[in-house]
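Visitor: Next input, structure requested:
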Amino acid sequence: MAVILPVKGVYPQLGENCFVAPNATIVGDVQMGSDCSVWFNAVVRGDVNSIRIGNKVNVQDGAVIHCTYEKTKVFLGNNVSVGHNAIVHGCRVNDNVLIGMGAIVMDNCVIGSNSIIAAGAVVTEGTVVPEGCIFAGVPAKKVKDISQELISGEIDRIANNYLMYSGWFK
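Guide: The predicted structure is shown next:
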């Protein structure tokens with residue numbers, strides 16, 4: 001059974017139609033919208049600050065969502081996919097974003113809507129990713145503007161697939 005625990009009396013709050021894998025961990029000041037999923041071995045730690053997650057967000061296997069004590073919070077907008085083993089720490093990720101597998105998004109970053117952070121990218125502290133582009137590399141830099149095909153073919157497709165996958169477990 002998933003580990004869903006309060007921290008200092010604050011319980012995680014999950015929206016309607018959410019799937020939490022049996023070995024996922026969600027603790028503390030976490031508020032999650034509807035149609036979300038937190039997958040196997042993923043960790044969402046709202047112990048040192050707040051985490052706010054919109055609707056239709058998937059946190060894939062092994063990913064970690066965390067904050068910095070009394071300094072940074074996490075905000076994930078709607079229709080966000082956090083890829084396998086990614087780390088999202090103390091930052092803001094706006095709507096319709098794909099964080100690729102193994103990517104790291106550090107404190108005080110802002111990821112603009114309709115963007116992709118490539119697999120393995122490291123978005124260093126305080127980076128602002130403009131809306132509608134792809135960032136890749138270490139440290140992550142803009143590689144190109146995103147096309148409407150990538151928004152619907154990757155960002156939307158992956159978020160919709162994870163909503164479908166979560167239905168298989170209900």
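Visitor: any idea how far residue 36 is from the nearest residue to residue 146 once chain neighbours are set aside?
Guide: Spatially, and ignoring its direct neighbours in sequence, residue 146 is nearest to residue 132 (5.1 Å; C-beta to C-beta, 6 or more residues apart in numbering). The C-beta positions use only the backbone N, C-alpha and C, and glycine is treated the same way. Using C-beta to C-beta, to the nearest Å, residue 132 is found at 24 Å from residue 36.
Visitor: Give me the more crowded residue out of those two.
Guide: Higher neighbour count among residue 132 and residue 36: residue 36, with 27 against 17, using other C-beta atoms under 10 Å.
Visitor: wait, doesn't the more buried one sit right on residue 13?
Guide: No: using C-beta atoms under 8 Å, residue 36 makes no contact with residue 13, being 11.3 Å away.
Visitor: How about the closest residue to residue 13 other than its chain neighbours: which residues does it bridge to?
Guide: Excluding the flanking residues, the one nearest residue 13 by C-beta to C-beta, 6+ apart is residue 31, at 4.8 Å. Beta-bridge partners for residue 31, by DSSP bridges, are residue 13, residue 52.
Visitor: number of nearby residues for residue 31?
Guide: 14.
Visitor: Which pLDDT value does the model give it?
Guide: If you check residue 31, the pLDDT there is 98.
Visitor: cool, residue 1 as well?
Guide: 88.
Visitor: before we move on, what about residue 18?
Guide: 97.
Visitor: what's the neighbour count on it?
Guide: Neighbour tally, residue 18, other C-beta under 10 Å: 19.
Visitor: Contacts only, for it.
Guide: For residue 18, the contact set (C-beta atoms under 8 Å, 6 or more residues apart in numbering) comprises 32, 34, 35, 36, 37, 38, 166.
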